[in-house]
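Enquirer: Okay, structure incoming, though there's no sequence with it:
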């Protein structure tokens, strides 16, 4: 983990004077969503001075990247505790930077464990508008208060000026607050957006373990063992693993180092260009929704530290882990969690996904239903929503 002195040095001054907007995204998925919004935002307000704490996607979209926050992404109770010293010091560095350079607006993207803590601190220090200061605080991709920690919505009402949500049902959740909430649609369902995965019957198997190091090291070995069982019965099968950056590629290569024969049948592809697949084993993150929209048959795999899983089970109040399943209110991708995530069971899911013509047709139908859900009732896009906040006096 970075040392205290190094963290301060990693937050350089803004290159164009006082920033109009600071965007903070702590995960690869948030970085991707923010980059899509940012690209369209700059077409509406081309002179904006935008800085970011996020990842490479936002830098490519035109923001000055102050620090690669996505390289430190963690999820889970135990994992966050292990990284507590880093996040505590990083939070203080951000607050100091904001106090020094005074961006006019902040857009917090997802990652509520960190971003809500930052919003609270800015409120208490009287830096944000809600706290009596000058900086507008806007939240894009709201916390999953419909799944757990529902009372956070009242804290958000105190700390945040506006909220842009990506699921239509989220509007009703905040009706008992005064927080202005806008459904801006999911970026995966926006016009012209190319999904990162594409269904094709003659393509390889997709193994999508996610973008966080801890999750990948727990999930990918199960996926690899499942693919090994498939190859024993179907020697001509190929697979593709998608990774977000060079660091993650190195982790995947180490996990494959002891699997030289099966590794010959697995292609590693960096995210950025759409990847074809005929069936999928996916983690429960954002990529699982992309697989649903693409109509990819397969299964969802999740493994966490036992204490993290126990803690989540005590708090989470939803019947499914995968977003596609939650939106459809049925098991589109069967979920194999913790001890159920066994290669023998997942092997059967892959065979069914490859061989069942009915299953393939159903997956395509579900994909269209998901798209309909995510595009219904949207009034404006995320970029237009944020542009309106920036233009407001």
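Expert: That came in fine, so what should we check first? None of the values given here were measured: they were computed from a predicted structure.

Enquirer: What is the burial count for residue 333?
Expert: Around residue 333 there are 28 other residues, counting by other C-beta atoms under 10 Å. C-beta coordinates here come from the backbone N, C-alpha and C atoms, glycine included.

Enquirer: Nearest spatial neighbour of it, chain-adjacent residues omitted?
Expert: Excluding its sequence neighbours, the residue lying closest to residue 333 (C-beta to C-beta, 6 or more residues apart in numbering) is residue 300, at 4.5 Å.

Enquirer: now do residue 247
Expert: Take residue 247 and drop its neighbours on the chain: the residue closest to it by C-beta to C-beta, 6+ apart is residue 71, 6.7 Å away.

Enquirer: count of residues packed around the one you found?
Expert: Neighbours of residue 71 under the rule other C-beta under 10 Å: 15.

Enquirer: distance of it from residue 141?
Expert: Distance of residue 71 to residue 141, given as C-beta to C-beta, to the nearest Å: 20 Å.

Enquirer: now the strands for the stretch 101-250 of the chain?
Expert: Assigned by DSSP state E, counting those that start in this stretch, the strands in the stretch 101-250 of the chain fall at 105-109, 136-140, 162-165, 181-183, 197-199, 205-208, 239-243.

Enquirer: would you turn those into TSV with mean pLDDT and distance to residue 13?
Expert: Below are the strands of the stretch 101-250 of the chain laid out as TSV (pLDDT from 0 to 100; distance: least, C-beta to C-beta, whole Å):
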stretch	mean pLDDT	distance to residue 13
strand 105-109	98	17
strand 136-140	98	21
strand 162-165	97	27
strand 181-183	95	32
strand 197-199	96	39
strand 205-208	97	38
strand 239-243	95	33
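
Enquirer: So for residue 326, which of those strands sits nearest?
Expert: In terms of C-beta to C-beta, the element of the strands of the stretch 101-250 of the chain nearest to residue 326 is strand 162-165, at 14.2 Å.

Enquirer: circling back to that earlier point, confirm for me that the residue nearest to residue 247 is in contact with residue 244.
Expert: No. Using C-beta atoms under 8 Å, residue 71 makes no contact with residue 244, being 10.0 Å away.

Enquirer: hang on, the earlier thing: closest one to residue 372 among the strands of the stretch 101-250 of the chain?
Expert: Per C-beta to C-beta, nearest to residue 372 of those: strand 181-183, 14.3 Å.

Enquirer: Not counting that closest one itself, show me its contacts.
Expert: Strand 181-183 is contacted from outside by 142, 162-168, 170-171, 174, 377-380, 385, using C-beta atoms under 8 Å, 6 or more residues apart in numbering.
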